[in-house]
Structure formats: C-alpha cells, structure tokens
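J.: The following comprises the amino acid sequence and a computationally predicted model.
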Amino acid sequence: MSTSIGIIGVGEISSAIVEGSCASDDHPGFFLSPRNAERSARLASGFDRVEVCESNQDVVDRSDHIIVSVLPQQTESVLSTLDIPSDRTLISAIAGVSIEALSPLLPQKPSTVRVIPLPPVRERRGVTPVYPGHSEVERFFDTLGGTVVAATEELFSTLSATTATMSSYYAFLQGIADWLVEQGWERAAAERIVRGQFAGLGNTLATTDTPFSDLVKGHETPGGLNEMLHREWMDANNHAALSRSLDRIFARVSGSD
C-alpha cells in the first residue's frame, strides 16, 4: 500500500490493524486520531512511524488512505466535519453503513472502500472482506492475513452478519464449562479443560483448508458420542433458528429491515 495510512477511531480493531502491520519492518506510516488519547499514545510509543495527530482533519491531511472505524451513529458527526480530497481513499470499517449512505458526507468524492477487519489481523491471520475491489487496499490487508472481495455490496453485508456469531461461539464454550461446573468441577478447571479442547480445533482451522463438512465427518464415528451430540443439538430446528437469526441480522446491517 502507499506510504501513509490515517486512522480515525482508534478502538480495538484499529489497534489490531496497527499492531499486526507493525510486526513487519516495512509497514506503512500510521497517523492516528487523538480522541482515544491513551490508546493512540500507547501505539505511538510502541512502534516506529506511528504518530498521534492534533485532529481528525490533521489525520486526513497527512495520509494517503484513511481508515474510518467509528460507531455507525457517529458517522455523520465525524465525516461532516472533514474535508477529504478526491485523491484520498476512504476505507470504511463502519458497520452497516453503505457507500450510498456515505456519499453525501463526502462531497469531493474520494474513492470509498468498505472493509470488515476482525481481531485476528493482530496476529496477521485475519481474512478481511473488501468491497469494492481496490488493489492497494487489498494489498495492505493481504499482509494481515488475506482478503476476500465481494462481488456486490449485498454480498458484503452477508459477511457483516456473520461477524455477529463470535460472542455466540464463546457462549457455546461457556455453556460446556457451566455444565462441567454443575457436575462438580471448579470453574477455573472447567474453563481450562474447555480451552484446551477447543484451542487445537482453532489451530486446525488456521492451518488447513479442509471443508467444514469433512471436518465434521473427521471428528465423528458412526454411533459415537460426537455424532450423538451433533444430531441431538444441531438438529433441523436449531439449524433453522440459526439461519433465521442470521437473516434478521443481515436485514439490519443491509438496511432492509
């Protein structure tokens, strides 16, 4: 990517982007907004070529590409105060806000690209959805684990919906640990057992491209315990309930609810 990237909204995801990128010696320069002063200062003190700017406009003026990562309800108040020239690239990590909705806030019509970076970019293992395709944006996020380019903004929004499943994954693990506690295990030991069990599965996901259907089969034997829980718990009703929830989330993030 180009030599300088500005970031407006230095939260957890933005921090992960900076930390992941700065793990390489040839990372671009970063200019950070000052609002989250403590987090921005920590990043600037921890990595070279990372600076905290005086204002959001200062971030824009000093950067070739600007990542905006603010809450959806903050979009208008943040962008309406900025003058973003047409030769910049606005990289929007704002959940659920379409390019059409952003356009009136960008009178000089800079190139606009939407992305969904996730926490694993910190370890350079996050696959980042991009829309529309943009060679420089893709090149940058490829260094953090890879990219997938959505053919349409509607398809991009389906990926926004699936990001809503992360806390449910941890809640699933919590449910297993809760059951162990009910059987008499101490909480710390129960959580340690569950962490150890699923950490290895996570490594499998990170190091192979085996289809999920094959992973399911590979962890089941006919009439075995894994097959029993799979059939009893992820039955047709639960599978349909998951699909309905994702449908509702998709409607919310795509603005069609």
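T.: Nice, thanks for sending it over. This is a predicted model, so every value here is computed, not measured. Numbering: from 1, shown residues only.

J.: got a list of contacts for the helix-or-strand element of the chain with minimal mean pLDDT?
T.: Lowest by mean pLDDT, DSSP states H and E among the helices and strands of the chain is helix 187-207, with a mean of 90. Applying C-beta atoms under 8 Å, 6 or more residues apart in numbering, the contact partners of helix 187-207 are Arg125, Leu173, Ile176, Ala177, Asp178, Leu180, Val181, Trp185, Thr210, Leu215. Any C-beta I mention is one placed from the backbone N, CA and C, and that applies to glycine too.

J.: Now do the buried residues in that helix.
T.: By neighbour count on 16 or more other C-beta atoms under 10 Å, the buried set for helix 187-207 is Ala190, Glu191, Val194.

J.: so which of those residues comes closest to Gly29?
T.: Glu191 (40.8 Å; C-beta to C-beta).

J.: picking that back up, quick check: of the contacts of helix 187-207, which has the highest neighbour count?
T.: Ala177 (19 neighbours; other C-beta atoms under 10 Å).

J.: Count residues in the vicinity of Lys109, would you?
T.: Lys109: 11 neighbours (other C-beta under 10 Å).

J.: Tell me the one of the buried residues of helix 187-207 nearest Cys22?
T.: Glu191 (31.6 Å).

J.: For Ser167, see how far away that closest one is.
T.: Applying C-beta to C-beta, to the nearest Å, the value for Glu191 to Ser167 is 16 Å.

J.: would you list the contacts of helix 187-207 in JSON lines and tack on secondary structure, pLDDT and distance to Trp233?
T.: Formatted as JSON lines, the contacts of helix 187-207 follow (DSSP: H, G, I helix; E, B strand; the rest coil; pLDDT from 0 to 100; distance: C-beta to C-beta, whole Å):
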{"residue": "Arg125", "secondary structure": "coil", "pLDDT": "90", "distance to Trp233": "29"}
{"residue": "Leu173", "secondary structure": "helix", "pLDDT": "96", "distance to Trp233": "14"}
{"residue": "Ile176", "secondary structure": "helix", "pLDDT": "97", "distance to Trp233": "11"}
{"residue": "Ala177", "secondary structure": "helix", "pLDDT": "97", "distance to Trp233": "16"}
{"residue": "Asp178", "secondary structure": "helix", "pLDDT": "98", "distance to Trp233": "15"}
{"residue": "Leu180", "secondary structure": "helix", "pLDDT": "97", "distance to Trp233": "16"}
{"residue": "Val181", "secondary structure": "helix", "pLDDT": "97", "distance to Trp233": "19"}
{"residue": "Trp185", "secondary structure": "coil", "pLDDT": "97", "distance to Trp233": "21"}
{"residue": "Thr210", "secondary structure": "coil", "pLDDT": "91", "distance to Trp233": "22"}
{"residue": "Leu215", "secondary structure": "helix", "pLDDT": "92", "distance to Trp233": "17"}
